[in-house]
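Colleague: Sequence and predicted model, in that order:
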Amino acid sequence: MKKLKHALVCGLIFFAIGFIASLLIFNGKAEEKVSSQTILTALRDRGFLVTETYVLNESVKIENDSEDFWRKLLWGQAIKAYGVVEVNLGVDLARMEEKDIEINKNKIIVAIPNVRIFNSRLVGDVSLENKQGILKRIFENDNGYNQALESLVNEAE
């Protein structure tokens, strides 16, 4: 029983000595080091951050005509298109660099890249009104969908 008491007392003494030594070495507080590289790695893993989404009702008019009456009558094309386009804007966090992060004593300043368009897409159907010249309809029939889609998205952006 005496040996058990001596072992317990010795264990408490060693624990107390270790605890006091750690307080003296670390000055009573443990410091957590945060570097700009740590923050940069965490932000880059997020990828593209979408910050705004716009849904726009767009309409475009495309005329593939010439000034000549006969050429317009035979080969001309006029397209009117209506559609709803969604445009997503945001910040590409993968483009950030280490110089964009500034660490001071009590604050961290992060300079994010400029906002840019992430994607644009058509929501729903496109309403088309397509008028083609006589020969264009026979030899180069084109419903105008691709031109209309491209113009609607460009207009929305």
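Modeller: Nice, I can see it. Numbering: from 1, shown residues only.
Colleague: How about K131, nearest residue that isn't a chain neighbour?
Modeller: Distances taken as CB to CB, 6 or more residues apart in numbering put A78 closest to K131, at 4.6 Å, once the chain neighbours are dropped. Quick note: C-beta positions are derived from backbone N, CA and C, even for glycine.
Colleague: So for the host helix or strand of that neighbour, what gets flagged as buried?
Modeller: Here A78 sits within strand 77-92, counting by DSSP states H and E. For strand 77-92, a neighbour-count test (16 or more other CB atoms under 10 Å) marks 77-81, 83-87, 89-92 as buried.
Colleague: and the residue nearest to E63 when sequence neighbours are not counted, what pLDDT?
Modeller: Nearest residue to E63 in three dimensions, chain neighbours excluded: A78, at 4.9 Å (CB to CB, 6+ apart). Note on A78: pLDDT of 76.
Colleague: Ok, Y145 next?
Modeller: Y145 is given a pLDDT of 74.
Colleague: And it, its phi and psi?
Modeller: Dihedral angles of Y145 (phi, psi; degrees, to the nearest 10) stand at phi -60, psi -50.
Colleague: All set now, cheers.
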